[in-house]
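>>> just to be clear, the model below is a prediction. Sequence and coordinates:
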Amino acid sequence: MPRVVILRLGHRPERDKRITTHVGLTARALGAEGMLLASNDKGIKNAIEDVADRWGGSFYVENDVNWKSEIEKWKEEGGKVCHLSMYGINLPDATEDIKGCEKLMIVVGAEKVPTEIYDMADWNVAVGNQPHSEVAAVALTMDRIAQNEPLRQEFTDAELTIIPTEYGKRVIDNKSKE
Ligand code: SAM
């Protein structure tokens, strides 16, 4: 799977907190390295990085980025950009192409995205051509482009680790073992 960074556009602090947090947590759980937030909401960064501190890995959030310069910089460094939009080409028709790149920025909107994004993207990809959710769109895309099973990855330096169990909850507190 390519290295993946999410670019979250159009986040409105007064109404998108929960869904933007879920975009970040879902991307992290499926193997993305970080999320760039093109709005100013430090609470999102704090909430997601707090989860990453407890559950491991090194997922980061950059708050209040300029989306255009981030896309330009990413492309200058050889990265590719996949904008998720229900108007794009359907994911099954783009998966093989996307899998071949080394660095991938996945762009998701909230409110209407600037039309320039459609031209700047290497791929405008629909996760099915029906309206749904940015969380689902990120999850399905990351699952489809993964080389290895993304649900089996391990997170390093976790304070808490879940032991999968058929019934109930088993959680190891790694700090208490130190
Ligand atoms: N109302 C907004 C508009 O008209 O552009 C879209 C809202 S939608 C819930 C928010 C984001 O979810 C979109 O910008 C897109 O990134 C993602 N999304 C929703 N449905 C999608 C689909 N079928 N395929 C890919 N992305 C999708």
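Received the coordinates, thanks.

>>> what helices or strands is the top strand by length along the chain leaning on?
Of all segments of type strand in the chain, defined using DSSP state E, the longest is strand 80-90. In terms of contacts (3 or more CB pairs under 8 Å, 6 or more residues apart in numbering; DSSP states H and E), strand 80-90 is packed against helix 67-76, strand 103-108, helix 116-120, strand 123-126, helix 134-145. (Each C-beta comes from the backbone N, C-alpha and C, glycine too.)

>>> need the contact list for the residue in the chain that the ligand sits nearest to.
Nearest residue of the chain to the ligand, counting by CB to the nearest ligand atom: residue 109, 2.5 Å away. By CB atoms under 8 Å, 6 or more residues apart in numbering, the residues touching residue 109 are 9, 10, 84, 85, 117, 134.

>>> before we move on, what about residue 40?
Counting by CB under 8 Å, 6+ apart, residue 40 has contacts 13, 63, 64.

>>> which ones among the residues you listed also lie next to the ligand?
Checking the contacts of residue 40 against the ligand by CB under 6 Å from any ligand atom, not one of them is in range.

>>> what does the chain have sitting close to the ligand?
Taking CB under 6 Å from any ligand atom as the contact definition, the chain meets the ligand at 84-86, 108-113, 126-128, 130-134, 137.

>>> which among the residues you listed end up buried?
84, 85, 108, 109, 110, 113, 126, 127, 134, 137 (16 or more other CB atoms under 10 Å).

>>> report the two of the residues you listed separated the most.
Greatest spatial distance among those (CB to CB): 110 and 126, at 17.0 Å.

>>> show me the residue at the heart of the protein, geometrically.
By CA atoms, centre = their mean, the mean C-alpha position of the chain lies nearest to residue 27, the distance being 3.3 Å.

>>> where does pLDDT dip in the chain?
The chain contains residues with pLDDT under 70 at 177-178.

>>> and with 80 instead?
1, 177-178 (pLDDT under 80).
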